[in-house]
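Sequence below, structure please.
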Amino acid sequence: MRTPLLTSLILLASSTLASAATRTVAQADHEPAPAPTPTPAAPPPTPASAVPPAAPAPIPVPAASAPATEVIGAGTATPVVIERASTEPASITEVGVQRLPAYAYPEDLTRGLKHGSLWLTFHGLQWPYMPSFSGGKRFVMGLSGWGWIDNAYQKFAPFPIDNPHLEENRIRYWKQQARMLLRVTPTYAIDRDYFIQGQVELVGTGDQSIQRSAVGGADTDDLYLRLGKWNRWDFQFGRFEGWEVFHLGMGLDFNTFERLGAVGPGDPQIGYYGLSDNQFRPPGASGNFAFHYYPLRILRFELLGLAGNVSNGPAYGTRPVAILDLGWLKFKAGVEYRKLINQQLSNQTDVTSKGVGAALQFVFLPHLEFGLNAAQGTIWNIDGNGNLLPEASVTRTSVGGFANVSNGHPRHTLIFGVGSLMTWTEDQNPITPNPVDKYWLYQGYVAAQYVIHNVFYIKLVAGYSRSHFALAGNEPRVEFDDEMYSARLRFSFYF
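Below you'll find the model as predicted:
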């Protein structure tokens with residue numbers, strides 16, 4: 001057989017190699033080693049401090065391989081073979097962070113003159129609009145926001161000379177205010193149609209008579225969750241604003257002098273009413289919930305509800321609004337209701353507000369847009385004993401209009417705007433011989449705005465306001481007026 005012969009040859013070769021190795025070692029112990037064959041001399045070593053770093057070896061790219069196989073219980077009667085994945089499975093959904101692209105601000109039908117006040121309003125549209133265009137799952141963290149800095153001057157001029165608040169209201173202000181907002185909008189698009197979306201608006205404020213957050217000037221505007229189907233319906237919960245009906249134009253901005261008008265420290269309080277009791281973000285430990293429905297491209301509905309604790313009392317309310325949007329023509333209408341009670345069960349305080357409002361707006365691209373607004377609301381105030389407080393129960397009526405004219409230039413947009421607003425307030429005071437307090441407030445402005453690179457806005461606003469107060473319970477009736485002049489330069493950045 002061949003096997004013994006092969007074995008003998010292998011043993012003989014091994015013995016020969018071992019004997020040679022032994023002789024070599026012995027020779028190295030007693031005799032100098034023979035000179036090696038000459039080789040080219042190597043360059044002298046470089047000092048360690050000057051040794052350039054070796055170029056990193058290229059990172060090998062692992063080739064696709066079959067799953068690793070592991071045998072458990074090898075050699076036993078029942079071995080188990082397990083195949084393990086060689087790498088971790090890829091994420092199911094890619095995650096991206098992006099500045100909101102242009103399509104996130106829908107304009108299937110024109111919103112208004114580009115960079116004008118109507119254009120900065122979304123008329124009930126679902127935005128930010130962030131669907132999955134590929135039809136697969138998609139998660140995106142959208143970033144956007146804006147900031148502005150105002151430099152404003154205001155002067156009051158009360159009259160006549162027998163005005164009881166003459167000296168108290170003879171004041172003037174010079175003020176700089178600022179507000180910066182970062183909007184973060186995580187959106188999970190399930191497919192082309194369905195989505196889940198959240199939004200938080202982180203706000204830094206400069207002055208603005210901070211009320212909601214008196215620590216550090218930090219605040220939040222929007223803070224909500226929303227889910228639904230793009231361009232069909234959605235449910236929204238949290239802190240957010242209801243759809244706008246009453247549009248004020250390029251002036252009368254939030255947190256500005258012309259927004260308040262000629263109402264001095266000693267004057268009775270009066271402010272415009274624009275179906276706005278439930279429109280703005282609710283204060284305190286309260287929040288909104290809404291259902292939005294889009295049956296047609298031109299027709300939109302919002303059913304908004306309010307619940308929570310407002311002014312140390314439980315409150316609830318609703319505000320349904322409808323918008324017919326043909327692009328060049330927009331008609332908006334709504335009603336609202338809110339009830340506020342005291343948290344003490346024995347206290348019968350009950351403040352009920354109701355209102356109705358409508359607006360008609362026209363857009364003629366690229367040069368003109370204008371609109372008219374009207375709204376009326378009532379407040380009935382019952383005290384803790386269940387008695388009506390007629391002096392605190394009022395009817396508020398506001399009418400107004402605006403117009404904006406643009407040069408229509410796509411890169412150097414210049415817009416001029418004007419606006420006027422009139423508000424009347426009457427209470428239900430039964431005191432004779434003059435049973436009713438009557439106030440009115442006029443507010444007007446002119447504005448000019450220039451836009452740089454489509455993101456930086458420079459706006460100058462000049463405002464005028466006059467108020468009139470007629471107080472009941474005196475003979476003759478006490479009547480006085482106040483005037484206010486203001487100027488404001490605003491720098492804004494939208495991103």
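
outside of stretch 483-495, which residues touch it?
99, 144-159, 253, 256-258, 261-262, 455-467 (CB atoms under 8 Å, 6 or more residues apart in numbering). For glycine as for every other residue, the C-beta is placed from the backbone atoms N, C-alpha and C.

Isn't G284 up against N309?
Yes: under the criterion of CB atoms under 8 Å, G284 makes contact with N309 at 5.3 Å.

who touches both of those two?
Common neighbours of G284 and N309 (CB under 8 Å, 6+ apart) do not exist.

Can you flag the buried ones in the contacts of stretch 483-495?
Neighbour-count burial (16 or more other CB atoms under 10 Å) applied to those gives 144-148, 150, 152, 154, 156-158, 253, 256-258, 261-262, 457, 459, 461, 463-467.

mind listing what's buried in stretch 426-443?
Buried, per 16+ other CB under 10 Å, within stretch 426-443: 426-429, 434, 436-443.

okay if I get the residues you listed as CSV plus distance to Y224?
Listed next are those as CSV, based on distance: CB to CB, whole Å:
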residue, distance to Y224
E426, 37
D427, 36
Q428, 38
N429, 41
N434, 48
V436, 42
D437, 39
K438, 40
Y439, 36
W440, 37
L441, 33
Y442, 36
Q443, 31
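
quick one: the helices in the stretch 101-250 of the chain?
Assigned by DSSP state H, counting those that start in this stretch, the helices in the stretch 101-250 of the chain fall at 166-169.

where in it is pLDDT low?
Along the stretch 101-250 of the chain, the model assigns pLDDT under 70 to residues 208-218.

how about the strands in it?
Secondary structure of the stretch 101-250 of the chain (DSSP state E, counting those that start in this stretch): strands at 138-156, 172-189, 194-206, 218-229, 233-239.

Summarise which helices and strands the third one is packed against.
The one in question is strand 194-206. strand 172-189, strand 218-229 (3 or more CB pairs under 8 Å, 6 or more residues apart in numbering; DSSP states H and E).

same check, this time on the last one
Strand 233-239 makes packing contacts with strand 218-229, strand 285-296 when contacts are defined by 3+ CB pairs under 8 Å, 6+ apart.

hmm, try it at 10 Å
On a contact count with 3 or more CB pairs under 10 Å, 6 or more residues apart in numbering; DSSP states H and E, strand 233-239 meets strand 194-206, strand 218-229, strand 285-296, strand 299-310.

Output the ones you listed in CSV; the columns should cover mean neighbour count.
Below are the helices and strands packed on strand 233-239 laid out as CSV (neighbours: other CB atoms under 10 Å):
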stretch, mean neighbour count
strand 194-206, 18
strand 218-229, 17
strand 285-296, 16
strand 299-310, 18
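
Tell me which of those strands lies nearest to D267.
Minimum separation from D267 across the helices and strands packed on strand 233-239 (CB to CB) falls at strand 299-310, 25.1 Å.

For that closest one, which strands pair with it and how are they oriented?
Taking DSSP bridges as the criterion, strand 299-310 forms sheet pairs with strand 285-296 (antiparallel), strand 313-325 (antiparallel).

what's the angle from that strand to strand 233-239?
Taking axes from the mean of the first three to the mean of the last three CA atoms, to 10 degrees, one finds strand 299-310 and strand 233-239 inclined to each other by 20 degrees.

quick one: average confidence on strand 299-310?
The average pLDDT for strand 299-310 rounds to 96.

Could you export the strands paired with strand 299-310 as a markdown table, including mean pLDDT?
As requested, the strands paired with strand 299-310 are exported to a markdown table (pLDDT from 0 to 100):
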| stretch | mean pLDDT |
| --- | --- |
| strand 285-296 | 96 |
| strand 313-325 | 97 |
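
got the ones you listed as JSON lines, with distance to V399 columns?
Output for those, formatted as JSON lines (distance: least, CB to CB, whole Å):
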{"stretch": "strand 285-296", "distance to V399": "27"}
{"stretch": "strand 313-325", "distance to V399": "19"}
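
Of these, which is nearest Y272?
Of all the strands paired with strand 299-310, strand 313-325 comes closest under CB to CB, at 17.0 Å.

could you dump the closest one to CSV, C-alpha only?
What follows is strand 313-325, C-alpha atoms only, in CSV (Å, rounded to 0.1, in the frame of the first residue of the first chain):
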residue,chain,number,x,y,z
GLY,A,313,-60.8,79.8,35.2
PRO,A,314,-61.9,76.9,33.0
ALA,A,315,-62.8,78.0,29.5
TYR,A,316,-64.1,76.4,26.3
GLY,A,317,-65.0,77.8,22.9
THR,A,318,-65.3,77.3,19.2
ARG,A,319,-64.6,79.2,16.0
PRO,A,320,-65.7,77.8,12.6
VAL,A,321,-64.3,79.6,9.5
ALA,A,322,-64.9,79.1,5.8
ILE,A,323,-62.7,80.4,2.9
LEU,A,324,-63.6,80.6,-0.7
ASP,A,325,-60.4,81.3,-2.6
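
coming back round to it: okay if I get the helices and strands packed on strand 194-206 as CSV plus distance to K339?
Formatted as CSV, the helices and strands packed on strand 194-206 follow (distance: least, CB to CB, whole Å):
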stretch, distance to K339
strand 172-189, 32
strand 218-229, 23
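
My read is that F469 contacts L441, right?
Yes: with contact defined as CB atoms under 10 Å, F469 counts as touching L441 (9.5 Å).

so what's in contact with these two at the same time?
263, 267, 270, 425, 482 (CB atoms under 10 Å, 6 or more residues apart in numbering).

neighbours of the closest residue to V451 other than its chain neighbours, just the number please.
The shortest distance from V451 to any non-neighbouring residue, by CB to CB, 6 or more residues apart in numbering, is to T413 (4.3 Å). Using other CB atoms under 10 Å, T413 has 20 neighbouring residues.

hang on, T413 packs against Y457?
Yes: at 9.3 Å, T413 and Y457 qualify as touching, with contact defined as CB under 10 Å.

Residues that sit against both of those two, list them.
Joint contacts of T413 and Y457 (CB under 10 Å, 6+ apart) are 115, 449-451.

right, and the pair among the residues you listed with maximum separation?
Largest pairwise distance in those, by CB to CB, is 9.4 Å, between H115 and Y450.

Between those two, tell me which one has more neighbours.
H115 (19 against 15).

that older thread, name the nearest of the shared contacts of T413 and Y457 relative to I298.
Closest approach to I298 among these (CB to CB): H115, at 23.9 Å.

Relative to I341, how far out is that closest one?
45 Å (CB to CB, to the nearest Å).

hmm, back to that, any chance of the buried residues of stretch 426-443 in CSV, plus pLDDT?
Shown next, in CSV, are the buried residues of stretch 426-443 (pLDDT from 0 to 100):
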residue, pLDDT
E426, 93
D427, 89
Q428, 81
N429, 77
N434, 65
V436, 82
D437, 87
K438, 90
Y439, 94
W440, 97
L441, 98
Y442, 98
Q443, 98
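
This completes my enquiry, with thanks.
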